[in-house]
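# Kindly return the folded structure for what I paste below:
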Amino acid sequence: MALLDIQVPDIGDFDEVTVIELMVKPGDTVAADQSLITVESDKASMEIPSSHGGVVKAVWVKLGDKVKQGSRVVQLEVAGAAAASAAPAAPNASQTPDQAAKVADVPVLAAQSAIHNVATTSAGLIEVRVPDIGDFKDVAVIELLVKVGDSVKTEQSLMTVESDKAAMEIPSSAAGVVKELKVKLGDKVNVGDLIAVLEGAAAAVPVAAVATATTTVRPEPVEGPAAAAASTSSARTEVAVSAPAAVPAHNPIGMPIGLPHASPSVRKFARELGVPLAEVKGSGLKGRITESDVQGFTKSVMSGAVQTLAIAAQAKSKPSTASDGGGLGLLAWPKVDFSKFGVVERKDMSRIKKISGANLHRNWVLIPHVTNHDDCDITDLEAFRVQMNKENEKAGIKLTMLAFMIKASVAALKKFPEFNSSIDGDQLVLKQYYHIGFAADTPNGLMVPVIKDADKKGVVQISTEMGELAKKARDGKLSPAEMSGACFTISSLGGIGGRYFTPIINAPEVAIMGVCKSQIEPKWDGKAFVPKLMLPLSLSWDHRVIDGAAAARFNAYFGQVLTDFRRVLL
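Sure thing, here's the model as predicted:
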């Protein structure tokens with residue numbers, strides 16, 4: 001092992017930038033390309049990644065420090081070979097930015113030039129296109145920042161795009177009124193693709209665009225002559241927009257005031273959790289929103305201590321909604337004075353029931369539910385489970401039938417991949433991972449912890465993890481991350497009773513398996529009736545994605561796996 005100092009690489013035309021976020025601490029293990037700190041100039045924010053993997057032994061900077069190319073960031077303990085390969089880490093003055101990038105093994109801010117090409121007409125239609133945004137292809141549109149009819153200024157952002165490396169805001173290089181939007185959420189765009197058509201005067205200004213693998217910097221406009229005018233007979237003029245603005249942008253010129261001040265990774269994390277960043281108060285330097293701020297906001301919402309503006313608006317509109325039958329054109333909800341019939345007691349609903357109730361109502365109304373009922377023979381599996389628990393009693397290992405069901409669901413999802421999907425607009429998202437949720441009954445209501453990567457875990461590991469998550473659920477200590485990302489959910493009433501029921505699908509999933517209490521039933525084996533332990537299955541599925549034949553096959557296969565668990569090996 002050897003010690004290696006990680007330095008600030010060539011970050012373009014910036015002398016000194018301020019450290020506004022520390023993303024690691026001594027003792028942390030980091031991978032190559034993992035971000036170490038976030039720095040900010042007056043134009044952009046950028047994350048500085050590590051060129052090597054290793055263990056952080058020391059952090060050489062603190063919040064508020066000014067750093068530049070060559071400044072030490074952290075000291076890593078790395079393997080000897082890695083340290084030797086990093087010997088020429090300091091770029092010299094004769095190296096080009098690309099050569100320096102290869103030496104330091106970190107993203108380099110490559111200077112690029114983009115010249116506006118516009119006509120000098122006072123009015124007309126201006127086409128705004130995607131500029132050269134570096135080594136990115138087919139980037140997804142994740143946010144539209146304007147709509148038809150909006151007036152936009154030069155350098156005002158039109159949309160946000162995201163690749164697997166960065167999130168970038170694409171600004172307009174001309175002012176005018178949006179006449180047409182040529183992109184929509186989810187579209188894939190490339191250099192030269194048409195974004196919008198503006199009506200207004202065009203201001204031609206040459207700019208130098210600066211881009212990085214983790215952020216893109218928008219320089220200030222430079223005074224200069226306009227590009228050659230287009231033909232006066234043409235009413236529509238093509239414009240190449242300036243380089244995309246950095247994400248996050250901290251009140252940059254022309255950007256909407258109040259844009260959340262957060263790094264691309266934090267913005268992506270917030271989107272995954274459905275957190276409105278504009279409502280999160282940042283605790284970082286200059287009010288920057290950190291990942292812990294997003295987590296804290298989510299916990300506050302889940303506990304009921306904080307309401308998002310959307311939830312507050314929904315609550316505020318409840319009286320009018322109730323009066324018109326829930327907004328569905330139904331008869332109004334009956335208002336009854338129950339006390340006139342006898343003694344009553346009023347009790348507030350728990351926070352969890354309020355939150356889950358709204359979700360269940362939405363899912364039941366918006367998803368066309370169909371439920372298939374079936375039974376499966378778990379006689380041999382239950383005998384095996386009991387035997388394993390006896391053999392491992394001293395080791396404290398206890399296998400549950402639900403753990404076997406989770407493995408069976410993975411096998412069924414692999415065989416019928418449309419069940420491991422979600423609807424996204426007009427597209428179907430087919431997942432290549434297998435995260436299985438299970439409904440946990442708690443004193444405060446139903447919660448759904450998620451077993452991540454169930455396909456990579458054995459039944460023993462799944463049983464252990466389920467026990468830990470169920471305890472957290474009962475204690476009210478489940479984190480949002482432990483309840484998100486499920487592909488498929490199992491709701492088990494086996495410990496309570498019942499025969500069949502219709503479980504409500506947990507959007508954005510497209511199916512859910514409900515199981516009830518197993519019971520001994522006589523089954524004909526061709527010669528005589530023999531006692532068999534039968535498990536009732538109730539599979540609810542989204543008819544927009546799944547048809548009846550596929551659902552019947554899935555339910556039958558799920559039961560076959562539980563009857564003969566050797567099928568999970570196939």
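
# For the stretch 451-570 of the chain, which segments count as strands?
According to DSSP state E, counting those that start in this stretch, the stretch 451-570 of the chain carries its strands in the segments 488-492, 511-515, 519-524, 529-542.

# Out of the ones you listed, the one nearest residue 169 is which?
With Cβ to Cβ as the measure, strand 529-542 is the member of those nearest residue 169 (34.7 Å). Bear in mind the C-beta positions are built from the backbone N, C-alpha and C, glycine included.

# Run the angle between the closest one and strand 488-492 for me.
130 degrees (axes from the mean of the first three to the mean of the last three Cα atoms, to 10 degrees).

# Show me which positions of strand 529-542 end up buried.
Of the residues in strand 529-542, 532-542 count as buried by neighbour count, 16 or more other Cβ atoms under 10 Å.

# on that earlier part again, now the strands of the stretch 451-570 of the chain as a markdown table including distance to residue 392?
Listed next are those as a markdown table, based on distance: least, Cβ to Cβ, whole Å:
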| stretch | distance to residue 392 |
| --- | --- |
| strand 488-492 | 22 |
| strand 511-515 | 24 |
| strand 519-524 | 25 |
| strand 529-542 | 21 |
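
# re the thing from before, with distance to residue 282 and pLDDT as added columns, please give the buried residues of strand 529-542 in a markdown table.
Conversion of the buried residues of strand 529-542 to a markdown table gives the following (distance: Cβ to Cβ, whole Å; pLDDT from 0 to 100):
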| residue | distance to residue 282 | pLDDT |
| --- | --- | --- |
| 532 | 60 | 96 |
| 533 | 56 | 96 |
| 534 | 56 | 96 |
| 535 | 50 | 96 |
| 536 | 50 | 96 |
| 537 | 48 | 97 |
| 538 | 46 | 97 |
| 539 | 44 | 98 |
| 540 | 41 | 97 |
| 541 | 42 | 97 |
| 542 | 38 | 97 |
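
# Tell me where the stretch 401-550 of the chain has helices.
Secondary structure of the stretch 401-550 of the chain, counting by DSSP state H, counting those that start in this stretch: helices at 401-415, 459-475, 548-563.

# what separates residue 493 from residue 439, distance-wise?
Using Cβ to Cβ, to the nearest Å, we find residue 493 at a distance of 9 Å from residue 439.

# To clarify, my last question referred to residue 160.
Residue 160 sits 36 Å away from residue 439, going by Cβ to Cβ.

# Break down the stretch 301-450 of the chain into its strands, ranges please.
Under DSSP E, counting those that start in this stretch, the stretch 301-450 of the chain gives strands at 369-377, 421-424, 427-430, 436-438, 440-442, 445-447, 450-451.

# Mind checking these for the one nearest to residue 476?
With Cβ to Cβ as the criterion, residue 476 lies closest to strand 440-442 of these, at 7.5 Å.

# check contacts around residue 495.
Applying Cβ atoms under 8 Å, 6 or more residues apart in numbering, we find residue 495 in contact with residue 517.

# possible to save the buried residues of strand 529-542 as TSV with distance to residue 54?
Below are those laid out as TSV (distance: Cβ to Cβ, whole Å):
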residue	distance to residue 54
532	58
533	54
534	56
535	50
536	54
537	50
538	51
539	48
540	49
541	48
542	47
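
# What is the nearest of the residues you listed to residue 3?
Of all these, residue 3 sits closest to residue 542, with 55.3 Å by Cβ to Cβ.

# from memory the closest one sits against residue 371, does it?
No - taking Cβ atoms under 8 Å as the definition, residue 542 is not a contact partner of residue 371, at 11.3 Å.

# give me the low-pLDDT residue ranges for this structure?
Scanning the chain with the threshold set as pLDDT under 70 gives 12-14, 42-45, 80-123, 134-135, 163-167, 201-260, 264, 285-286, 303-305, 310-329.

# Spatially central, which residue of it would that be?
Nearest residue to the geometric centre of the chain (Cα atoms, centre = their mean): residue 272, 2.3 Å.

# ok, and for whichever strand or helix holds that one, which residues are buried?
In this assignment (DSSP states H and E), residue 272 forms part of helix 264-273. For helix 264-273, the neighbour count (16+ other Cβ under 10 Å) marks 264-267, 269-270 as buried.

# Determine the number of other residues adjacent to residue 366.
Using other Cβ atoms under 10 Å, residue 366 has 11 neighbouring residues.

# Excluding covalently adjacent residues, which one is nearest to it?
Once flanking residues are discounted, residue 366 sits nearest to residue 507: 7.4 Å by Cβ to Cβ, 6 or more residues apart in numbering.

# quick one: that neighbour and residue 361 touch, right?
No - in this structure, residue 507 is not within contact of residue 361 by Cβ under 8 Å, at 11.3 Å.

# Those two: who's more crowded?
Higher neighbour count among residue 507 and residue 361: residue 507, with 16 against 12, using other Cβ under 10 Å.

# and that one, how far is that from residue 66?
Counting by Cβ to Cβ, the gap from residue 507 to residue 66 is 48 Å.

# Which member of the buried residues of helix 264-273 is positioned nearest residue 563?
Nearest to residue 563 among these, with distances taken as Cβ to Cβ, is residue 269, at 42.0 Å.

# What separation is there between that closest one and residue 24?
The value you get for residue 269 to residue 24, if Cβ to Cβ is used, is 17 Å.

# quick check, residue 158 in a helix?
No - read with DSSP: H, G, I helix; E, B strand; the rest coil, residue 158 is strand and lies in no helix.

# got a list of what it touches?
Neighbour list for residue 158: 128, 144-146, 152, 170-172, 195-196, 241 [criterion: Cβ under 8 Å, 6+ apart].

# Show me the two of those residues that sit farthest apart.
Every pair of the contacts of residue 158 checked by Cβ to Cβ; the farthest is 144 and 241, at 15.0 Å.

# So if I had to pick from these two, which one is more boxed in?
Per other Cβ under 10 Å, whichever of residue 144 and residue 241 has more neighbours is residue 241, with 25 against 16.

# if we can go back for a sec, please name whichever of the helices of the stretch 401-550 of the chain is nearest to residue 185.
Residue 185 sits nearest to helix 401-415 of all these, at 27.4 Å, using Cβ to Cβ.

# Going by neighbour count, which residues in that closest one are buried?
In helix 401-415, counting by 16+ other Cβ under 10 Å, buried: 401-413.

# same thing with stretch 426-437?
Neighbour counts using 16+ other Cβ under 10 Å place 434-437 of stretch 426-437 among the buried residues.

# mind checking how far that stretch is from the chain centre?
Averaging C-alpha positions (Cα atoms, centre = their mean, to the nearest Å) puts stretch 426-437 13 Å from its chain's average.

# Equivalent analysis for stretch 423-430, please.
Taking mean C-alpha positions (Cα atoms, centre = their mean), stretch 423-430 and its chain are 15 Å apart.

# Provide a list of residues in contact with residue 192.
Listed by Cβ under 8 Å, 6+ apart, the contact partners of residue 192 are 129-130.

# Assign it to helix, strand or coil.
For residue 192, the assignment made with three-state DSSP gives coil.

# List the residues that contact residue 488.
Here residue 488 is in contact with 409, 413, 419-420, 434, 436-437, 509, 511-513 (Cβ under 8 Å, 6+ apart).

# Who are the contact partners of residue 141?
Residues near residue 141 by Cβ under 8 Å, 6+ apart: 159-161, 183-189.

# ok, 7 Å please
Applying Cβ atoms under 7 Å, 6 or more residues apart in numbering, we find residue 141 in contact with 159, 161, 183, 185-187, 189.
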